[in-house]
Each structure stands twice: as C-alpha cells, then as structure tokens.
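Undergrad: coords please:
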Amino acid sequence: MRSRYALFCGALVFIFALAVLSGCAQPEQQTAQGPQVPTSYPDSQRIEHVDTYHGTEVVDPYRWLEELDSPVTAAWVESENAVADPFLEAIPAREQIRERLTEVWNYERYKVPVKEGGRYFYRRNDGLQDQDVLYVVDSLEDEPRVLIDPNTFSDDRTASLSFFEVSPDGKLIAYGISDSGSDWRHWHVRDVETGEDLDDRLDQTKFTGVSWARDSSGFYYSRYPLNEEGEADDSQQVSVYFHNLGTPQTDDVHVYSITDHETRNPYATVTDDGRYLVLGIFDGYESNGVYVKELGDPEAEVVRLLDDWDALYNLLGNEGSTFYFSTTNEAPKYRVIAIDAENPASENWREVVAEAEEAQEDASLIGEHIVAMYLKDASSLVKVFDLEGTLVREVELPGIGSAEGFAGKLDDPETFYIFEGFTTPGRIYRYDVSSGDSGLFREAKVDVDLSPFVTKQVFFESKDGTKVPMFITHRQDLELDGTNPTLLYGYGGFNVSLTPYYSPRRIVWMEMGGVLAIPNLRGGGEYGEEWHLAGTKLEKQNVFDDFIAAAEWLIENGYTSPEKLAIRGGSNGGLLVGAVMTQRPDLFGATLPVVGVLDMLRYHTASANARQWSSDYGLSENEDEFEALLAYSPYHNTDEGTCYP
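TA: A predicted model of the protein is given here:
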C-alpha cells in the first residue's frame, strides 16, 4: 500500500501534468491515474466593439461580460463552471488532501487583544469554526465569555464579522457584518454586558470603520450617497456622518464632504482624548491629506492641517494640540514627526524619530512612548522611543518572522503583539512598554511536526540588476534535482509587504513535497516608498521582471522546472500572474490569477474605489500611462495559437 505522503506526491505530479495538458486544445486523452483532461472550453460570444485611445484603436469583443447582473453573463459563468468543476472534483487524492487540511487546521488560535474601557476583547477560533468568535473579559485572569459569534449570522456560515469598534466606556460595541465576502457592510450595536443588540442598524456602507464620540453617545462613519433607487452609489465620493444612538440611519447628521476635488474621500477618527475630529482625506495610495476640527467648540471650523498632497501621513495619536505622524515626507522609508495644530506651518514641525536604514512599516503611540515597527529584509524589527525620539530599547523578538499589533493609547501601560513565521504558529505576547518585559499570553499549539521544514532567504538579480529577496520554505530532505513541484507566490503593489506567517494550507503543500517561494517584489513596501514607486505606473514592468527572474532562479538552482512550477497571486497579485503568464507562457506549468485585475484599460470604471488604484497603475486617459498599460494588460496581450498555462 502506498503511504499517504507518496499518494500526495503522486497527486501533485498529476495535478501539474493536467495543468500543462489542459492549457491548449488537443485530442482527448485519459491519463493512467485520473480523469479525462478537458480539451476545450465553451465558445464565448464575440461582439464587435472598438475603443480609440489617443489615436490607437483597441478592440474589446467581450465588453458584454462587464454586465455582471446580465443573465447572459451568468450563463457564461455557469458554462465555464460546468467544465472546471468535474475536472477539479476528479483529482486523485482530493479527499485525502481535504482530510489532511482539516487535521492541520484543527487547532485553537487567537488574534491580538484590544483593550477599551477597562475590558479586553479578542477573537478566538476553536479550530474548525468557519468564523472567528469575539470574546470579552474584564481582566485577563477571568474566564472569557462569547460576545459575538459570527457563525450564527447565517445558515451557511459565510457571513463574517468584518470590523468592530468598542465605545470608550467599554459598554457598547459597533460591529460590521459582511455577507459572503462582500465589501458591503451592515452595522449593528451590541450591549457588552447583556450581549443584546440595540435597535440601531446602518446599511450600505463600504470600506469604512467607525469612530466613537468620547461620551459613547454615537459614532462617525463614511458612506456613499444614495441613487434614485435608494441604493448606495459607490461611483461617487463618500461623506462623513454622525450616528446618534437610538435614531434611524436616515436621521444621521452630515458632518463633512469634499467639494473641491471629485476623487478625494474623507474618513473620520476621534482622538483618544476626545478633543479633535481628525479627517483623513484619501485619493489613491501615494499621498493623503489630514484635516482637523475641535469638537468642544460648536463654532470651530475644519482646519486643513496637511493639504499639500506631497507624502503619506499616518496619524499615531496626539498629546494635547501636538499630533504625531509617521510620514514619507522627506523620508521614503518613513520617519515620525510632531505637528502642533495651533502652529502647523512646516517650518515648525519637529522630527521625533528620524528615517532609519530599515523601512518603517508602522508605528504606535503607547504609554508615553513611540513603538516603531521596521522591516529588515522583510522580517520584523521593533524599536521603542520616548516622545523626544531617544531610543529606549529594541524589542526582543523570538526570531526571524513577523510581529504585528502594538496598538494602544498614550496612557496605556501595556500592549500586545503576535509573532509568527512560515513554520512558527502565532504566539501572542503581552508587552510592558515602560519596563520592556514580554510575557507569553497565548500560544497556538498545533498537532503537526514542523521540524522537517526549513526556511531560507536568498537574493537574486532582476532584469535590470536590482537585488530582490525571496523566502524559500520546504522539507529539509529536498533534493535539488529540478523535479520538485513549486508554488511561487507574489503581489508587488500598493506598498504591501509580504512577510513570513504561518499557514496550515502551506504546511500541507510542503508535507506533500512542494516548495513554497515568496519573493519581495518591487511595488511592495519592504524597502520603503522608493521600492514601492519602482513598481508603479510607468515602472510596473519591473514587478513582472522581478517575478520572472524569481522563477528563473528557482529553475536554474535546481528547485523545479517549468512544468512543475505554479504561480499564484490575488487581486493586484492576480494582475501579476496574468501579466507574466502572457509574457512568459513557457516558464510555468500552472497559473492561478485569483480575482485578478486583468483589463488595465478599463479597470478604473468599475467604481470610485477602483479608480483610486490609479496611484499604482496609472490611467488609460493619460497617453504615456495608456501605452504602458496596453503593453502588459493581460486581457490585451493574449495571442491566438499560444499555449498558456
């Protein structure tokens, strides 16, 4: 009898073989190990349509598929699924893989606690729950009780708890529900003590959190205007509203709108001392504005504290009228500055924490200190400074990996953070900011032997000579003979950094003999804003070149071969996969562009939010950016007769 491991490895080989064979139409064939390879896809209707961009005609015969609610589009999707579903269901060892995934996922895990109003709130999953459950305790020594269980939201358990915000007095919690992964949210308010919901309900919100008034009487949020059908129109800008508890959403008070720029959107935050309403103004991902309003003065006007749109400014908090920001202003790897709202001219700004050699990923204002989180070659480094910018200490982390959390307030003596790596399940620590003491709060205990795996970091040269780092994780007994199934995962955009984290799904992949490779491509935030900008707009091809170079390095160094190499990415990473697939179809055996942005000439027409992606992509409305977009847009760069993986 073949062992489970051998069976898994055989399934991997088979899956890759099918991926290669099904890339092109060919005579039907039955493999020795499994189902018949699909030989063709259903015909897709072509309707003549031509757009002209800056004198260049571009055909778009599948424009009709943009009508997402059309019965014709639904029928097309159904016909595609009719090909894919039987094929996927017939994969050998599918049930064995499912069983193993169930086993490795069955462990208790926690999210970083949040402290508010003297209480602690944290999410926990017992192991196989579809959704994490939110718990509350009055002290960390008490027995936790369930506050919100999203598994009860819907019969199929696909509704999730997307966001929550606890009132300053700790007595109420506003929480948003997402149905089946939708970006749209509906908000409710629950009494923390009784566990009962109030009558308050907010509908048709998207991409917004809430921020409570200091007296816990209500909260600020952003929403889109309603169209003639009474539905939120997400092609328009949002405005800020205030919801008074106990009143219907239709009575919510309009607070602020942007009237002098049609693509900028305001989002509100109340400072911890309740003195200011801070409006973060966003339009893309390269820069932002910050406006403030004193809440204690009914006659106070909104003051444009930062309105030059020259950099990114992330609010850490305030001490009286002094605001602390982490910013890319004169610091592509970020620095921390202090601005007095009563004397805000740039010549009066004070640099608190200077730009470091490492990229600053985040920072917090906690317990009269600044906690700054850096990335050193895509792994976490955390430093603590006093409010004058003097280095107090470096936080001792358990090893090479990712540390996240460190949230809190100016007067909080403690904070929490989670540390994890590719083969290190999450450990949550309680950290005393004043003393520097760390204590283990919770540790994920998995019933998996992680000792056979090893992680290394290599650096390879991209097409233009740029050095790019890549994490590689696999079994220690791996032979570099070019035969190993390998998953190359990438993103490369929007200043997002790919750092080590624990994934049961990836563990199973490596148990099966697979190699996991994750390069830190340009476009990400691993080395600061310059690294990010080097993978945007007219420089976007650098991201694809980096990914291709990563694949070539893996092949040249004996990890895998083109027929055994799969690539995967989601959203912007889906664009990455689509672009390199069309540019180098010979280099990969399988490609998985998950919810990819694939039509780069029209991506921005989907919604106002999609248009904000232009900070990374550019717009076809601009001639130079149009030429760059057309050169790599996956939808526009497929050739008839080419076999694509």
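Undergrad: can we go C-alpha only for contacts and neighbour counts from here?
TA: Noted.
Undergrad: in the helix or strand hosting residue 551, what counts as buried?
TA: Take DSSP states H and E as the rule and residue 551 turns out to sit in helix 541-556. Residues of helix 541-556 classed as buried under the neighbour-count rule (16 or more other Cα atoms under 10 Å) are 541-555.
Undergrad: and what of stretch 55-74?
TA: Residues 60, 65 are the ones in stretch 55-74 that count as buried (16+ other Cα under 10 Å).
Undergrad: pLDDT weak spots in this protein?
TA: Counting by pLDDT under 70, the low-confidence segments of the chain come to 1-39.
Undergrad: switch to 80 and redo it
TA: 1-40, 608-609 (pLDDT under 80).
Undergrad: what about the nearest residue to residue 208 once chain neighbours are set aside, how many neighbours?
TA: The shortest distance from residue 208 to any residue other than its chain neighbours is 5.9 Å, reached at residue 222 (Cα to Cα, 6 or more residues apart in numbering). Per other Cα atoms under 10 Å, the neighbour tally for residue 222 reads 25.
Undergrad: residue 222 and residue 608: what is the separation?
TA: 14 Å (Cα to Cα, to the nearest Å).
Undergrad: and the helices in this structure?
TA: Shown for the chain, the helices assigned by DSSP state H span residues 4-21, 71-89, 94-105, 504-511, 529-533, 541-556, 572-583, 608-611, 614-617, 623-632.
Undergrad: so which bits of the fifth one are buried?
TA: Looking back up the chat, that one is helix 529-533. 529-533.
Undergrad: ok, the fourth one next?
TA: Of the residues in helix 504-511, those buried under the neighbour-count criterion (16+ other Cα under 10 Å) are 504, 506-511.
Undergrad: roughly how far is that helix from the heart of the chain?
TA: Averaging C-alpha coordinates over helix 504-511 and over its chain gives two centres that are 21 Å apart (Cα atoms, centre = their mean, to the nearest Å).
Undergrad: now tell me what touches that helix from outside.
TA: 5, 100-101, 104-105, 423, 453, 473-475, 515-516 (Cα atoms under 8 Å, 6 or more residues apart in numbering).
Undergrad: pick out whichever of these sits closest to residue 292.
TA: Distance to residue 292 across these (Cα to Cα) is lowest for residue 423, with 44.2 Å.
Undergrad: pretty sure that closest one is touching residue 502, no?
TA: Yes: A contact is recorded between residue 423 and residue 502 when judged using Cα atoms under 8 Å, the distance being 5.9 Å.
Undergrad: higher neighbour count, the two?
TA: For residue 423 versus residue 502, the count of surrounding residues by other Cα under 10 Å is larger for residue 423: 23 against 17.
Undergrad: for the more buried one, what are its contacts?
TA: Under the criterion of Cα under 8 Å, 6+ apart, the contact list for residue 423 reads 450, 453, 501-502, 507.
Undergrad: now intersect these with the strands, please.
TA: residue 453 (DSSP state E).
Undergrad: okay if I get the contacts of residue 423 as a markdown table plus distance to residue 274?
TA: Putting the contacts of residue 423 into a markdown table (distance: Cα to Cα, whole Å) gives the following:
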| residue | distance to residue 274 |
| --- | --- |
| 450 | 48 |
| 453 | 50 |
| 501 | 36 |
| 502 | 38 |
| 507 | 46 |
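Undergrad: closest to residue 370 out of the contacts of residue 423?
TA: Distance to residue 370 across the contacts of residue 423 (Cα to Cα) is lowest for residue 501, with 24.8 Å.
Undergrad: quick check: that closest one touching residue 404?
TA: No: contact between residue 501 and residue 404 fails when scored by Cα under 8 Å: they sit 10.6 Å apart.
Undergrad: if I look at residue 436, how far off is residue 363?
TA: The span separating residue 436 from residue 363 equals 16 Å under the rule Cα to Cα.
Undergrad: show me which of the two is the more surrounded one.
TA: More neighbours surround residue 363 than the other of residue 436 and residue 363, with 26 against 15 (other Cα under 10 Å).
Undergrad: partner residues bridging the residue nearest to that one when sequence neighbours are not counted?
TA: With Cα to Cα, 6+ apart as the measure, residue 372 is the residue that lies nearest to residue 363, at 4.2 Å, once sequence neighbours are left out. In this entry, residue 372 is beta-bridged to residue 363, residue 383, by DSSP bridges.
Undergrad: do I have it right that residue 372 meets residue 380?
TA: No: when contacts are counted by Cα under 8 Å, residue 372 is not listed as touching residue 380 (10.4 Å).
Undergrad: the nearest residue to residue 159 once chain neighbours are set aside: what's it in contact with?
TA: Residue nearest to residue 159 in three dimensions, not counting chain neighbours: residue 179, with 4.3 Å by Cα to Cα, 6+ apart. With contacts taken as Cα under 8 Å, 6+ apart, residue 179 has the following neighbours: 158-160, 185.
Undergrad: recalculate using a threshold of 10 Å.
TA: In this structure, residue 179 makes contact with 153-154, 157-162, 185-186, judged by Cα atoms under 10 Å, 6 or more residues apart in numbering.
Undergrad: any idea how far it is from residue 162?
TA: Remark: distance between residue 179 and residue 162 (Cα to Cα) = 9 Å.
Undergrad: list residues touching both of those two?
TA: By Cα under 10 Å, 6+ apart, residue 179 and residue 162 have these common neighbours: 185-186.
Undergrad: which residues does the closest residue to residue 325 other than its chain neighbours contact?
TA: Counting by Cα to Cα, 6+ apart, the nearest residue to residue 325 once its immediate chain neighbours are dropped is residue 315, at 4.6 Å. Under the criterion of Cα under 10 Å, 6+ apart, the contact list for residue 315 reads 269, 271, 278, 280, 290, 323-327, 336-337, 363-365.
Undergrad: same question, residue 496
TA: So residue 496 contacts 361, 520-526, 532 (Cα under 10 Å, 6+ apart).
Undergrad: rerun at 8 Å
TA: Applying Cα under 8 Å, 6+ apart, we find residue 496 in contact with 523-526.
Undergrad: hmm, residue 286 is touching residue 327, no?
TA: No: the pair residue 286 / residue 327 is not scored as a contact, 11.2 Å apart, by Cα under 8 Å.
Undergrad: re earlier: and which of the buried residues of helix 504-511 is nearest to residue 468?
TA: In terms of Cα to Cα, no member of these lies closer to residue 468 than residue 506, at 22.4 Å.
Undergrad: relative to residue 105, how far out is the closest one?
TA: Applying Cα to Cα, the value for residue 506 to residue 105 is 11 Å.
Undergrad: ditto for residue 130
TA: Counting by Cα to Cα, the separation of residue 130 from residue 105 is 11 Å.
Undergrad: and those two? which has more neighbours close in?
TA: It is residue 105, of residue 130 and residue 105, that has more neighbours when counted by other Cα under 10 Å, with 22 against 15.
Undergrad: thought that one was touching residue 128?
TA: Yes: Residue 105 sits in contact with residue 128 when judged by Cα under 8 Å, with a separation of 6.6 Å.
Undergrad: so what's the residue nearest to residue 363 up against?
TA: 360-364, 382-385.
Undergrad: on the strand side of things, show who residue 456 bridges to.
TA: Under the criterion used here (DSSP bridges), residue 456 is bridged to residue 472.
Undergrad: for it, give me its contacts.
TA: The neighbours of residue 456, taking Cα under 8 Å, 6+ apart as the test, are 471-473.
Undergrad: for those, which one is nearest residue 265?
TA: residue 471 (36.8 Å).
Undergrad: you'd agree that closest one is up against residue 519?
TA: Yes: in this structure residue 471 lies within contact range of residue 519 using Cα under 8 Å: 6.2 Å.
Undergrad: of those two, who's got more company?
TA: For the pair residue 471 and residue 519, the greater number of neighbours falls to residue 519 (27 against 19), based on other Cα under 10 Å.
Undergrad: tell me how far the closest residue to the more buried one other than its chain neighbours lies from residue 526.
TA: Nearest residue to residue 519 in three dimensions, chain neighbours excluded: residue 470, at 3.8 Å (Cα to Cα, 6+ apart). For residue 470, the distance to residue 526 equals 12 Å [Cα to Cα].
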